[in-house]
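Peer 1: pasting the sequence and the predicted coordinates here, then a few questions.
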Amino acid sequence: MPRTKKPRGDEITIAGLEFPVDDVQDEHHTDEIESNSYLVVRRGGKIQFEVTFSRPLSGDDFGVEFHRGYRASYRRGTRFIAGLGQELKYDHQLPISEVKSDGPKVTFEVSLPATLPVGEYRMMAEVSPAHSRDKNSWDVDRHLVVLFNPWCPDDGVFVPEESHRQEYVLNESGLIWAGTHDDMFTWPWNYAQFDTSTLEVALHLLELYSNIDSEGRQNPVKVTRALVEMVNSSDFDGGILEGLWSANDEDYKDGTDPTAWSGSGAILGEFQESKRTVKYAQCWVFAGTLTSVLRAVGIPARPVTNFESAHDADANRAIDYYYDMDDQEVKEKSGDSIWNYHVWVEAWMSRPDLGPSYGGWQAVDATPQELSPHSETFVVGPASVVAIKDGQDLPYDNEFVIAEVNADLKYYSEVEHGKFQLSGSNTSLVGKNISTKAVGKRAREDVTSSYKYAEGTIAERAALGAEGDNAKVEDVEFEVTFSKRALIGESFDIRVSLRTGSKEKRTVRVRTNVHAVSYTGGDRKDVKKSSEKVELSGGSAQTETRVTADDYLDVLGDQALLSVTVLALVEETEQSWVGKLPYRLRRPDLDVSIDGRAVTDDPMELSGDQSHKVEVSFANPLQKPLTEMVLYIEGTKLNAPKKIQGPQSTSPGDVAKMSFEITPTKPHRRAMERTLIMTCQSKELKGTMGTATLLIKC
């Protein structure tokens, strides 16, 4: 410990060291973290603590050390020192000052630099009389956890707007959009970023990740990429979640069906307890969990949903589909696909490695899809959204995201055995209604224009590296519409409208194919096929295909999604047209009441530390019983059961009823808003959801 040359003093010892924990964490915006083990602070801020000495401090040497990891050292950037009165010459030295003194009690303040490596530090205080080697030390029971600081202008994650810091760092619940681009629904999600288990998991992942040193821990780009990789387990690295996309319910029996999750709290709690990968996840689960872990370490983050999201397996910025002479897709010809939606995360940070214009939101994705060329692991990002819009393939993994939001769709038809030619294309289908939660309200914000220029413009085509559409104007126009948005169990009609201004005869063959699909576009199962010839000479015509519950119920996937493909060919001109549209069958919502009061969109006031009865119900919309019903429950500091068993069988049209108790933890400073999220799963119907926004009184 550095010492200044002062007159020798009497023996001195440390009798105690205390932090004003509530005040310090309130100042650092970490007051929601309640732990007896940690003092959680943000770099770029200051911490105060009171030391009680055996006598008043008088010309004595005093300092504190901060150690991270095993065998901490200055050279490795894992040891830092703050010595009273020392000259600051080295990076490992921290400023410390005396704030006030009252006899043997002295309050000190240490300034944490905005570049301090994030992580968990042990803290030790030492005192000795001047010129004496008789040191007395005090090991602090609480460990210091240092996070990134979006409130600090010198931190790489600085966010200028307070409302954005509240939303993207402090908000403990949110919405994740799903469904189809023209018929969306939301997954309510509990982030639980202030749960102690979430913090401990984030710290554990950084310790487990061998490729990040102290310099990397200073850099939000490196920390983010490490956490993205560690959220999934595809690289056998002890990650949090294992992905599974299966149409067979039995495959999920040794874990949890992804549609049952409604928050990160249960996932991270299970991982923290078992230290084993949690089964199972799909994209919105990966995204919700990654958002939690990023917010937990202080990196502003938000889930983002891309509708009609392209998976470009061969990196040509196009999605290629091949059809044989019988209009059957030839899947072996291409690994490309279009997901009805895909959810990734945006993290906010500067990009000094790329230049000042590439900072801001960065796309990051923990869902394992393709190996990153930068690391040969299943990770995407951080990829600058600014660079994605301009079609620039910069680090990290921009190329994959460029295709996700803006790839061209191309259809090839077999003209003779084994020979295919381009029969149709669509340059505007991919990347629709890119969505995230709006700041400060439960509404959707459209961020499509952040990722791509307006479809068909010169700028959009140039960013994709594609030529403009110079094809001749065709004289038959096509449009696909649906008669209604049907509830599961109902019928609906697919209508193909044809219109031409030509007075000449036009004979059009219209083929309509309907498949039940997973939200990734895979696991395709036949639902309905129809083919019709239409003749028109000026004016318009329409075909209609009815899809009934009998057509789809036995093959419908857990998210009740259908894919409708329409192929049209004009015999006289050889004009071809292809339309590919998703269709979502709607599920009933859960009706929720608490203490006999119906839940509405407005927050419901509840008393903390008191028991409240929650009742949940919904009517079975299917023409068969619902069996093996389970209700999954998620909510921060609501002290609710994780799941309860529902009725073993609910007949068609009957109402399933369930109830449970919650005992919200009483806030110690001010009323707090909490979100209760419930997801009902049965063997026949999955993902029926309900939420309640609660204001817990202190």
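Peer 2: That came through fine. Numbering: from 1, shown residues only.

Peer 1: from here on, just use CA atoms for contacts and neighbour counts.
Peer 2: Fine.

Peer 1: just checking, residue 32 touches residue 196?
Peer 2: No: counting by CA atoms under 8 Å, residue 32 does not reach residue 196; the two are 9.8 Å apart.

Peer 1: higher neighbour count, the two?
Peer 2: residue 196 (20 against 17; other CA atoms under 10 Å).

Peer 1: so what's the more buried one up against?
Peer 2: Applying CA atoms under 8 Å, 6 or more residues apart in numbering, we find residue 196 in contact with 33-35.

Peer 1: may I ask which of those has the most neighbours?
Peer 2: The member of these that has the most neighbours, counting by other CA under 10 Å, is residue 33 with 19 neighbours.

Peer 1: format the contacts of residue 196 as TSV; extra columns: secondary structure, pLDDT and distance to residue 636.
Peer 2: Listed next are those as TSV, based on DSSP: H, G, I helix; E, B strand; the rest coil; pLDDT from 0 to 100; distance: CA to CA, whole Å:
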residue	secondary structure	pLDDT	distance to residue 636
33	coil	94	12
34	coil	89	12
35	coil	92	15
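
Peer 1: nearest to residue 609, of those?
Peer 2: residue 34 (16.0 Å; CA to CA).

Peer 1: once you drop chain neighbours, what's closest to the closest one?
Peer 2: Nearest residue to residue 34 in three dimensions, chain neighbours excluded: residue 196, at 7.2 Å (CA to CA, 6 or more residues apart in numbering).

Peer 1: quick check: the one you found vs residue 555, distance?
Peer 2: Shown here: residue 196 relative to residue 555, a distance of 42 Å by CA to CA, to the nearest Å.

Peer 1: go on, residue 226?
Peer 2: In this structure, residue 226 and residue 555 are 39 Å apart, going by CA to CA.

Peer 1: out of those two, which sits in the more crowded spot?
Peer 2: In this view residue 226 and residue 555 are compared by other CA under 10 Å, and residue 226 has more residues nearby, 21 against 18.

Peer 1: which residue lies nearest the spatial centre of this protein?
Peer 2: The central residue of the chain, meaning the one whose C-alpha is nearest the mean C-alpha position (CA atoms, centre = their mean), is residue 287 at 2.4 Å.

Peer 1: skipping its backbone neighbours, what lies nearest that residue in space?
Peer 2: By the measure of CA to CA, 6+ apart, the closest residue to residue 287 outside its immediate chain neighbours is residue 344, 5.3 Å from it.

Peer 1: show me what contacts that neighbour?
Peer 2: Each residue near residue 344 by CA under 8 Å, 6+ apart is listed here: 283-284, 286-287, 303-305, 363-367.

Peer 1: if we use 10 Å, what do you get?
Peer 2: Residue 344 makes contact with 176, 283-288, 290-291, 302-306, 363-367, 380 under the criterion CA atoms under 10 Å, 6 or more residues apart in numbering.

Peer 1: which ones among those residues map onto strands?
Peer 2: 176, 302-306, 363-365, 380 (DSSP state E).

Peer 1: any chance of the residues you listed in CSV, plus pLDDT and neighbour count?
Peer 2: Below are the ones in strands among the contacts of residue 344 laid out as CSV (pLDDT from 0 to 100; neighbours: other CA atoms under 10 Å):
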residue, pLDDT, neighbour count
176, 98, 23
302, 98, 27
303, 98, 27
304, 98, 27
305, 98, 29
306, 98, 27
363, 98, 25
364, 98, 32
365, 97, 30
380, 96, 31
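
Peer 1: pick out whichever of those sits closest to residue 633.
Peer 2: For the ones in strands among the contacts of residue 344, the closest approach to residue 633 (CA to CA) belongs to residue 176, at 17.1 Å.

Peer 1: tell me what the closest one is bridged to.
Peer 2: Note on residue 176: beta-bridge partners by DSSP bridges are residue 187.

Peer 1: ok, it touching residue 445?
Peer 2: No: distance between residue 176 and residue 445: 11.3 Å, which falls outside the contact criterion (CA atoms under 10 Å).

Peer 1: intersection of neighbour lists for those two?
Peer 2: Common neighbours of residue 176 and residue 445 are listed as 304, 435-437 (criterion: CA under 10 Å, 6+ apart).

Peer 1: out of those, grab the one that's most surrounded.
Peer 2: Neighbour counts for those, by other CA under 10 Å, peak at residue 304, which reaches 27 neighbours.

Peer 1: nearest residue to residue 669 other than its sequence neighbours?
Peer 2: Nearest-residue entry for residue 669: residue 698, 6.8 Å, with adjacent residues in sequence omitted and distances by CA to CA, 6+ apart.

Peer 1: what's the burial count for the one you found?
Peer 2: 15.

Peer 1: repeat for residue 443
Peer 2: Per other CA under 10 Å, the neighbour tally for residue 443 reads 13.

Peer 1: now for it: which residues touch it?
Peer 2: Applying CA under 10 Å, 6+ apart, we find residue 443 in contact with 174-175, 435-437.

Peer 1: ok, now residue 312?
Peer 2: Contacts of residue 312 by CA under 10 Å, 6+ apart are 318-320, 334-338, 369-370, 399-404, 407.

Peer 1: same thing but 6 Å
Peer 2: residue 336 (CA atoms under 6 Å, 6 or more residues apart in numbering).

Peer 1: what do you get for residue 432?
Peer 2: For residue 432, the contacting residues are residue 307, taking CA under 6 Å, 6+ apart as the criterion.

Peer 1: ok so, going back, where's the residue nearest to residue 34 relative to residue 267, distance?
Peer 2: In this structure, residue 196 and residue 267 are 13 Å apart, going by CA to CA.

Peer 1: please identify the nearest residue in space to residue 675, excluding sequence neighbours.
Peer 2: residue 693 (4.7 Å).

Peer 1: element containing that neighbour?
Peer 2: Here residue 693, judged by DSSP states H and E, is contained in strand 688-697.

Peer 1: pull up the pairing partners for that strand, direction included.
Peer 2: Within its sheet, strand 688-697 is paired with strand 604-607 (parallel), strand 672-681 (antiparallel), according to DSSP bridges.

Peer 1: ok now the last one, how far from the chain's centre?
Peer 2: Right, the one you point to is strand 672-681. Distance, stretch centre to chain centre, for strand 672-681: 17 Å (CA atoms, centre = their mean, to the nearest Å).

Peer 1: who touches that strand?
Peer 2: When contacts are defined by CA under 6 Å, 6+ apart, strand 672-681 is touched by residues 260, 629-635, 687-696.

Peer 1: least trustworthy helix or strand in the chain by mean pLDDT?
Peer 2: Lowest by mean pLDDT, DSSP states H and E among the helices and strands of the chain is strand 419-426, with a mean of 85.

Peer 1: tell me the phi and psi of residue 356?
Peer 2: phi -60, psi -30 (degrees, to the nearest 10).

Peer 1: repeat that for the one 3 residues further on.
Peer 2: Residue 359 has phi and psi values of phi -80, psi -180 when expressed as degrees, to the nearest 10.

Peer 1: for the closest residue to it other than its chain neighbours, grab the count of nearby residues.
Peer 2: Using CA to CA, 6+ apart and skipping the chain neighbours, the partner closest in space to residue 359 is residue 350 (4.1 Å). By other CA under 10 Å, the residues close to residue 350 number 22.

Peer 1: name every strand pairing with whichever strand or helix holds residue 481 and say which way it goes.
Peer 2: Using DSSP H and E, residue 481 maps to strand 476-482. Strands adjacent to strand 476-482 in the sheet, as given by DSSP bridges, are strand 492-500 (antiparallel).

Peer 1: would you mark the buried spots in the partner strand?
Peer 2: Of the residues in strand 492-500, those with enough neighbours to count as buried (16 or more other CA atoms under 10 Å) are 492-496, 498-500.

Peer 1: which residues does that strand contact?
Peer 2: Counting by CA under 6 Å, 6+ apart, strand 492-500 makes contact with 475-483, 538-547, all of which sit outside it.

Peer 1: just the CA coordinates of it, formatted as CSV?
Peer 2: This file holds the C-alpha atoms of strand 492-500, laid out as CSV (Å, rounded to 0.1, in the frame of the first residue of the first chain):
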residue,chain,number,x,y,z
PHE,A,492,-61.9,-18.6,-43.3
ASP,A,493,-61.6,-17.9,-47.1
ILE,A,494,-58.5,-17.0,-49.2
ARG,A,495,-59.4,-14.7,-52.0
VAL,A,496,-57.2,-14.0,-55.0
SER,A,497,-58.3,-10.9,-56.9
LEU,A,498,-57.2,-10.5,-60.5
ARG,A,499,-57.4,-7.2,-62.5
THR,A,500,-56.4,-6.2,-66.0
